[in-house]
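**Q** Here is the input, now give the coordinates:
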Amino acid sequence: MLYQHRSKLTQEAVIKEAPAEHFVPQQLKGHEKKQVDVQELVESLKNTADDIGQISELSSEEKILVTQFFASLFKLMQPLTPSIALNQLSLPTQIGDVVQAHIDPTGHLILLFADGHIELKDLSEEKNRDLMTAVIGDIMPKFKNLTSQQKRKLENRIKLLSAITKEIQKSSEALSAAMTAGQ
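**A** Residues are numbered from 1 along each chain as shown. The predicted structure is shown next:
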C-alpha cells in the first residue's frame, strides 16, 4: 500500500511538472497534424502551379530570344568567317572526348570526337540550351577578336589605298598637265 501511495504521488508530481501539450488526447493531436499537412500540401501545389505558369512563359520568351540570337549571329558571322573554333574545355564533360569543336553561323555545333566520328548539334533546339550557353560563353570573346581583326584589316587597306591614291592622283595630274602643255 505504501508502494501504491508513493506511485500515486510520483504520478501526480509528474503530471504537475509535465507541460499541458503532453496531455492533449492523441486523436486531437493527429487531427491537427493532418490539417497542417493538408494546408502545407495545398500551398505547395499552388506554388507549383505558379511555377509551371512561369516556366511556360519563360520557355516562350527563351524560344524567341534564341531565334533572334541565331539570326543576328548569322548576319554578323557570315561576312567574317564560316565558323568559330571552340575550346573543348568549355564543353560539358558529358559530351564526351571531343578533339575539335566549331560553331557555324546557323547555330550548329560541329563536334569531332577522338574516335573519329562527327556529330552535328543544333544549338537552337530546346534540348541543347545548356550546351548553347556554354558555347556562347566561349565564342563571344572570339567573335570580338574576329570583328577587331576585320576592322584592323579594313583600316590597313584604307591606309594603303589612301597613300597610293594620293600619289597616283599627283602623277595623274602631272601627266595630264604635261599632256595639255604639249598640245
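
**Q** Just the buried positions in stretch 129-147, please.
**A** Across stretch 129-147, burial judged by 16 or more other C-beta atoms under 10 Å covers 131-132, 134-135, 138-139, 143. Just so you know, the C-beta spots here come from the backbone N, C-alpha and C atoms, and that holds for glycine as well.

**Q** Could you do stretch 87-97 as well?
**A** The neighbour-count criterion (16+ other C-beta under 10 Å) identifies 91, 95 as the buried residues of stretch 87-97.

**Q** what are the ranges of the strands in the chain?
**A** In the chain, the segments counted as strands under DSSP state E are 84-85, 98-103, 108-113, 118-122.

**Q** so what secondary structure elements neighbour the second one?
**A** Spelled out, it's strand 98-103. strand 84-85, strand 108-113 (3 or more C-beta pairs under 8 Å, 6 or more residues apart in numbering; DSSP states H and E).

**Q** contacting residues around the longest one?
**A** Counting by C-beta atoms under 8 Å, 6 or more residues apart in numbering, the neighbours of strand 108-113 from elsewhere in the structure are 83, 86, 91, 95-104, 118-123, 128, 131, 135.

**Q** Any of those residues buried? List them.
**A** So, by 16+ other C-beta under 10 Å, the buried ones in the contacts of strand 108-113 are 86, 91, 95, 98, 101-104, 121, 123, 128, 131, 135.

**Q** Check what pLDDT the closest residue to residue 92 other than its chain neighbours gets.
**A** The shortest distance from residue 92 to any residue other than its chain neighbours is 6.1 Å, reached at residue 134 (C-beta to C-beta, 6 or more residues apart in numbering). According to the per-residue confidence, residue 134 scores 93 in pLDDT.
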